[in-house]
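K.L.:
predicted model and sequence follow; I will ask about them next.
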Amino acid sequence: MSQQHNQQPQKPKTPFTRTYLILGIFSLILGVALGIYTSNLPVAKPQLSAATLLEPPISIEEPGLIDHNGQPFGLQELRGKWHFVFFGYTHCPDVCPTTLFIFKSVAKQLKENHDLYNKTRFILTSVDPERDKSNVLKQYVQFYNPDFIGLTGDNKKIYNFSRALGVIYVRNKPLDNDPNNYGVDHSAAVLLLNPEGKLQAVFSAPIKPDALLKDFQSIVTYYKDIH
Amino acid sequence: MRIYQTFILILAMALPAVIFAGNHPLHISQGMIQAGPPNAQVLAGYMILENSSDKTIVITGATSPLFKQVEFHQTFTEGGMMRMRKQEQLSIPAHKKLILKPGSYHMMLINPTRSLQPGDQVPVTIKTSSKNSLTITLTVKLPDSGMQEHHHHH
């Protein structure tokens, strides 16, 4: 009895194994083909309302700047996190405070609702390094948010950094015979650098906090998809 | 009886303000000074200036005991930059308004005599070409959180 039972399933063993083998090979081919096909499919472009996405992102040269604590700040510091960069100066009454209050509002929303806050930093780069030394910038940016970064440094290096990001600025002649009473006109765009330290997107003025936040999240998702 | 007394009291309190405002053809509303960092050397003042008279009002300057200098400036976009132009005077035509707001005309308050906090009251005297100056009090305020964008549209 027991022998018959043992022998019976052994008889059709070969055709079954062949079927499984064929099925297996077919599945494997299908899987590989599907994999190749989908990996070559373009990732859907993010729908952006305020930002201009740069593809490919633009590499920048070593900025070689100084942060608000007097520490060197360059490509190494830019890597690993997203950075919003704005160019301005502490003697700027209108556009710069308005933009920094927008940064403050965006940072607050990021902190409340998203873990993205820990991967994002906000920078004010001074276009007036003569008056904006590290200690001045520190007190200035930290009024808006203790995590904000202020950058200053050598005039030429700030100029090169601004040009690399498509920003222009012009220092005006002093008013009322007071050498300290001068303004610096500058682009009011907000630049977004990706975690490789490359220019990934540009937000043109006027900056709208809700649109900036929404587009930023779309860009981060898109960036993850293509990497 | 008590309601009547309260009404008289409110009226009595409101009367000086009415007379004061009624005396001057220039009306100022929604005035504020935007709060800034403790070491800010310049702050911006925003407000609505309204001319209720039949003649153009020309503002020739402003002063404040809490600032070394007060100027009027206009922010405008030119050549891809936000530029600022000092306004030696501001003209408000008869029965028209001039809105001082972010990214546009604004009062620029330079070199504060002390660090100003939100809630601080700042007296500002606005001078006009008719030598009829007007003193107002502007409160230092933080902007409405996240509401910046709405200012740009109006």
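P.N.:
Looks like it arrived, so ask away.
K.L.:
could you check how far the residue in chain B that chain A sits nearest to is from residue B:85?
P.N.:
Using CB to the nearest CB, the single residue of chain B nearest to chain A is residue B:37, 3.5 Å away. Heads up, the C-betas are built off the backbone N, CA and C, glycines and all. Per CB to CB, to the nearest Å, residue B:37 is found 25 Å from residue B:85.
K.L.:
what about the two, which has more around it?
P.N.:
Just comparing residue B:37 and residue B:85: by other CB atoms under 10 Å in any protein chain shown the higher neighbour count belongs to residue B:37, 20 against 14.
K.L.:
for the nearest residue to that one once chain neighbours are set aside, list the residues it contacts.
P.N.:
The shortest distance from residue B:37 to any non-neighbouring residue, by CB to CB, 6 or more residues apart in numbering or on different chains, is to residue A:143 (3.5 Å). When contacts are counted by CB atoms under 8 Å, 6 or more residues apart in numbering or on different chains, residue A:143 touches B:36-38, B:40.
K.L.:
what's the answer for residue A:103, then?
P.N.:
By CB under 8 Å, 6+ apart, the residues touching residue A:103 are A:84, A:86, A:122, A:144-145, A:148.
K.L.:
residue A:210 sits in which helix or strand?
P.N.:
Element membership for residue A:210 (DSSP states H and E) is helix A:209-226.
K.L.:
can that helix be found next to chain B?
P.N.:
Yes: taking CB under 8 Å from any CB of the partner chain as the criterion, helix A:209-226 and chain B are in contact, through A:209-211.
K.L.:
let me have the residues you listed in a markdown table, extended by distance to residue A:54 and neighbour count.
P.N.:
Formatted as a markdown table, the residues of helix A:209-226 next to chain B follow (distance: CB to CB, whole Å; neighbours: other CB atoms under 10 Å in any protein chain shown):
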| residue | distance to residue A:54 | neighbour count |
| --- | --- | --- |
| A:209 | 21 | 23 |
| A:210 | 22 | 16 |
| A:211 | 17 | 15 |
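K.L.:
out of these, flag the one nearest to residue B:137.
P.N.:
residue A:209 (29.8 Å; CB to CB).
K.L.:
does that closest one really touch residue A:99, like I thought?
P.N.:
No: counting by CB atoms under 8 Å, residue A:99 is not a contact partner of residue A:209; they are 10.0 Å apart.
K.L.:
for residue 12, give me the pLDDT.
P.N.:
No chain in the question, so chain A it is. Looking at residue A:12, its pLDDT reads 53.
K.L.:
hmm, no, I was thinking of chain B.
P.N.:
Residue B:12 carries a pLDDT value of 57.
K.L.:
sec struct for residue 77, please.
P.N.:
The chain I'm using is chain A. helix (DSSP: H, G, I helix; E, B strand; the rest coil).
K.L.:
and the lengthiest strand in chain B, what does it pack against?
P.N.:
Using DSSP state E, we find that the single longest strand of chain B is strand B:67-78. Counting contacts by 3 or more CB pairs under 8 Å, 6 or more residues apart in numbering or on different chains; DSSP states H and E, strand B:67-78 packs against strand B:57-64, strand B:81-87, strand B:105-112.
K.L.:
distance of the closest residue to chain B within chain A from residue A:137?
P.N.:
In chain A, the residue that lies nearest chain B is residue A:143 (3.5 Å; CB to the nearest CB). For residue A:143, the distance to residue A:137 (CB to CB) stands at 11 Å.
K.L.:
which residues of chain A lie near chain B?
P.N.:
A:90-95, A:97-98, A:101-102, A:104-105, A:108-109, A:136, A:139-144, A:168-170, A:172, A:175-176, A:181, A:183, A:185-188, A:205-211.
K.L.:
would you mind listing which of those residues are buried?
P.N.:
A:90-95, A:97-98, A:101-102, A:104-105, A:109, A:136, A:140-144, A:168-169, A:181, A:183, A:185-188, A:205-210 (16 or more other CB atoms under 10 Å in any protein chain shown).
K.L.:
strands along chain B, start to end?
P.N.:
Using DSSP E, the strands of chain B run over B:26-34, B:42-51, B:57-64, B:67-78, B:81-87, B:90-92, B:97-100, B:105-112, B:121-128, B:134-141.
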